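1. can't give you the sequence, but here's the structure:
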């Protein structure tokens, strides 16, 4: 089986080629119901359509830019008439006109409308205060310009799933057999006796169809809920003069939106102001080269990403009027890639299906040959009665039903069911799965490369220590009043304090705004927030400081440079640069420092050593250290020039406390016991990283901690020796993280999960087997590159995801073990019986019921088992683990042999054993065989809850789905045997016969427990 499954092993958990996706589908030719089997797979034709739209968009934009540039000199002659309904609503421009300006990159029309300010006026908005939020104003705006929502394909109704379930080829053939049986039966035996067999098959088909459709419909609702969660994006806007967070779907034309690195542009719009803005339009055009957006090229398109810089934008067109809106409909229909397990199980289903088809043909041939032999012996082979035609039809129906039972259509669908169940439960545990395969792959993870800030720590940062003017000063948690602030500053020169305030308030990516309740609200990353809070504590005035100096150039912080820089134009003339960032990097750019009098003095060796010792001291106390510095720029400063990075004067050092999250140490210990190696990859100082790593239990005595610059110059041989022991990487760049992940995956064949929150983490998230983005601190770019979003940014949630991943993997193994057992027994029993006795003990109706027990109901019961803590006490499966293990084969063979022996004994010696005689003895015996067979499956289902443990009852009552399915199976079995005999070919049984049937099924449990004692290899 392993060699055959190679055709189905090309599909990876991530980044599989479309050729590989097409190849496995072609190899999977024996499918009963293509619509159902391939429902949760990628729609390759829709993906091709998306690429064509992207190419078209790229060409349109290129032409629009060329035409716009050529037409700039011909502004005269353009006129625009405002539609009456727009005028009445109080606006002076319609949505279509704005669309033609922005989407067409039409600078000529923009100039005619008075530029960005002119369009803002026509939209009745203000570029500083935003739109008016009175109910009446918002409703008029929505009516004229629409909502920022995209048209989605309507959800499939229940009856559509019924229709799809009916399109099962084998069920169609059985339906035809039922209709023929109905007509022949009525013609020969009359109504109603002659209709029983046909109606029995029809009723069974309808039952299978409705149970299947109900299961599929519920799955589709779960996926729909998850899709809604994936699309939840919030943006910062200014409305009525207040900065606030709103959902992307509440955005309206005229809104003023604030964008930063990693944000998604939420609607079409125009650039108002900003710095170093680079926009990646690849999602819209397929073009990966970023576009520089300025006041000269102010067009921003929905769905694109901010690669660098920040800006304020005016929203012009929203929803389906944008190109992204038009693309979204097609994009969402492209679907998720199928998971490796789905593909592997499709392979298993195809192999078993082929075996089943072979056995079905042989069974039909043997039964027909038996009928012919009997007629030849009787000498009546030339004359055929209606009863014999019905008998032949029954043989054909049995053969078709063997194919129904043999092709385990439920195998790949059980993966989807289990994943859908796990994904919904994981949402409650603060993890949003974006790609199905991640849920499955996480169960095999052997390595987790985690960020420090916000994942292992709380991300609630406060400045607790500073170095300024040669003094180390502590800020206690109680120091919040004005008196404590003045006490802190009492022995510091005013000039130094003012410079500290100026550097904090001007060189920041955060903001201090007044909220609606007149409270001060600090916006920005936790680091920026901590610094701004410290600036306020020093007695600074954010707004006054910002107004005093004009920002000329901003280079936002990124994890590559590990610094942020600005250039200010001073009120008295001249320029001043400010820089902040990683302590040793900023310190290396300084040649002077503020002394105790607040004067800049040259840095000598002793001063430099003292500063480095101070940084190390802060870091060893697990504090995050940042240096702030300034430099007076001589002469003119050109916008084209970068912010200078040499000759700075050090203002001070801040030590920021970010406590370790509660429960992280325990979670790391759980990972270690589960065979998962946890590594910390951070941009922080190595001493800070080591202190936190020891506190979390990540760094052990024999572990290695290394800095990124040292790591990246190591040779391949050195990396091969270092990486197995590497536990902490500090001062790492995104490419260092990417290199580490690549080596772990390729050289060491580990299954790697990586966390990331920034735009620059996207390559590592993409490279990893499982990319985990942070839901709170993560950018939209990081979230889009990730497979799972950790909604609470907590490391403990990552451990929960690993546990659920293992649960999915094990649950599907349990179901496969259970289903293969039923497959093997049903095939062998019907085939051997047909060959040796000339009849099949299980009829078409009975086999359909058995198929439903093992297919839909079995999947529901076993694939939805919740995870247990024991799952994290076993080693991970890893990259090379076999899905169908020796343990599973042992259990399948043990149970199959027992069931076959029981059924065969009943067939050969059942009449004597139960003292059966009379005309109904054959029917009663077949009913006992059918009943025993079903109860064998019911008890085997319980045994399958644990593949290696003897105690299979632990936690059974906690799984209400399992208990419900098992109860319904038993209840319906009683109804079939006792009350539906005429349709299901059964006969009511006595109390003793019921007891024996149940007992024979129950004995399978101690047999299964004994088989589990047989030692086998783990592979």
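-> Received the coordinates, thanks. The model shown is predicted, which means the values in this text are computed figures rather than measured ones.

2. what's the helix or strand harbouring residue 939 packed up against?
-> Per DSSP states H and E: residue 939 is located in helix 921-943. Taking 3 or more Cβ pairs under 8 Å, 6 or more residues apart in numbering; DSSP states H and E as the contact definition, the neighbouring helices and strands of helix 921-943 are helix 795-837, helix 844-852, helix 858-862, helix 886-913, helix 960-979, helix 991-1011. Just so you know, the C-beta spots here come from the backbone N, C-alpha and C atoms, and that holds for glycine as well.

3. among the ones you listed, where is the model least confident on average?
-> Sorting those by mean pLDDT places helix 844-852 lowest, at a mean of 77.

4. quick one: average pLDDT of the helix holding residue 939?
-> When pLDDT is averaged over helix 921-943, the result is 90.

5. next one: stretch 124-140
-> The predicted model assigns stretch 124-140 a mean pLDDT of 89.

6. pull up the distance across that stretch, start to finish.
-> The first residue of stretch 124-140 is 11 Å away from its last residue (Cα to Cα, to the nearest Å).

7. chain center to it: distance?
-> How far stretch 124-140 lies from its chain's middle: 37 Å, per Cα atoms, centre = their mean, to the nearest Å.

8. hmm, who's touching that stretch?
-> 89-91, 116-117, 120, 141, 237-241, 252, 254-256, 272, 312, 314 (Cβ atoms under 8 Å, 6 or more residues apart in numbering).

9. same question, stretch 95-102
-> Residues from elsewhere that reach stretch 95-102, judged by Cβ under 8 Å, 6+ apart: 80, 106, 109-110, 113, 119, 144-146, 253, 268-270, 299-301, 316-317, 321-322.

10. about what we covered before: mind putting the helices and strands packed on helix 921-943 into TSV with distance to residue 511 and mean neighbour count?
-> Below are the helices and strands packed on helix 921-943 laid out as TSV (distance: least, Cβ to Cβ, whole Å; neighbours: other Cβ atoms under 10 Å):
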stretch	distance to residue 511	mean neighbour count
helix 795-837	29	23
helix 844-852	61	25
helix 858-862	51	26
helix 886-913	58	18
helix 960-979	49	16
helix 991-1011	65	17
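
11. thinking again about what came up before, what subset of the contacts of stretch 124-140 is buried?
-> 89, 91, 116, 120, 141, 237-239, 252, 254-256, 272, 312, 314 (16 or more other Cβ atoms under 10 Å).

12. which members of those occur in helices, if any?
-> Among the buried ones among the contacts of stretch 124-140, the members falling in helices are 116, 120, 141 (criterion: DSSP state H).

13. nearest to residue 653, of those residues?
-> Taking Cβ to Cβ as the measure, residue 653 sits nearest to residue 116 out of those, at 41.4 Å.

14. residues contacting the closest one?
-> Residue 116 makes contact with 110, 127, 270-272, 295, 298, 314 under the criterion Cβ under 8 Å, 6+ apart.

15. any idea how far it is from residue 511?
-> Plainly put, residue 116 is 21 Å away from residue 511 if you go by Cβ to Cβ, to the nearest Å.

16. and what of residue 763?
-> Computed as Cβ to Cβ, the residue 763 to residue 511 distance reads 29 Å.

17. ok, now residue 662?
-> Noted for residue 662: a distance of 30 Å to residue 511, by Cβ to Cβ.

18. so which of those two has more stuff around it?
-> Between residue 662 and residue 511, counting by other Cβ atoms under 10 Å, residue 511 is the more crowded of the two (16 against 10).

19. for that one, phi and psi?
-> Listed backbone geometry of residue 511 is phi -150, psi 150, with angles given as degrees, to the nearest 10.

20. give me the spatial nearest neighbour of it, chain neighbours excluded.
-> Excluding the flanking residues, the one nearest residue 511 by Cβ to Cβ, 6 or more residues apart in numbering is residue 523, at 4.6 Å.

21. ok, now how distant is the one you found from residue 267?
-> 21 Å.

22. who has more neighbours out of these two?
-> When neighbours are counted by other Cβ under 10 Å, residue 523 and residue 267 differ, and residue 267 comes out ahead with 28 against 17.

23. ok, now which ones touch the more buried one?
-> With contact set as Cβ under 8 Å, 6+ apart, residue 267 has these partners: 148, 251, 253, 255, 257, 302, 315-319, 322.

24. pipe those into a markdown table and attach pLDDT and distance to residue 374 per row.
-> Listed next are the contacts of residue 267 as a markdown table, based on pLDDT from 0 to 100; distance: Cβ to Cβ, whole Å:
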| residue | pLDDT | distance to residue 374 |
| --- | --- | --- |
| 148 | 86 | 75 |
| 251 | 92 | 79 |
| 253 | 92 | 83 |
| 255 | 93 | 84 |
| 257 | 93 | 83 |
| 302 | 86 | 75 |
| 315 | 93 | 83 |
| 316 | 92 | 84 |
| 317 | 91 | 79 |
| 318 | 89 | 77 |
| 319 | 85 | 73 |
| 322 | 81 | 75 |
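
25. nice, that's everything, thank you.
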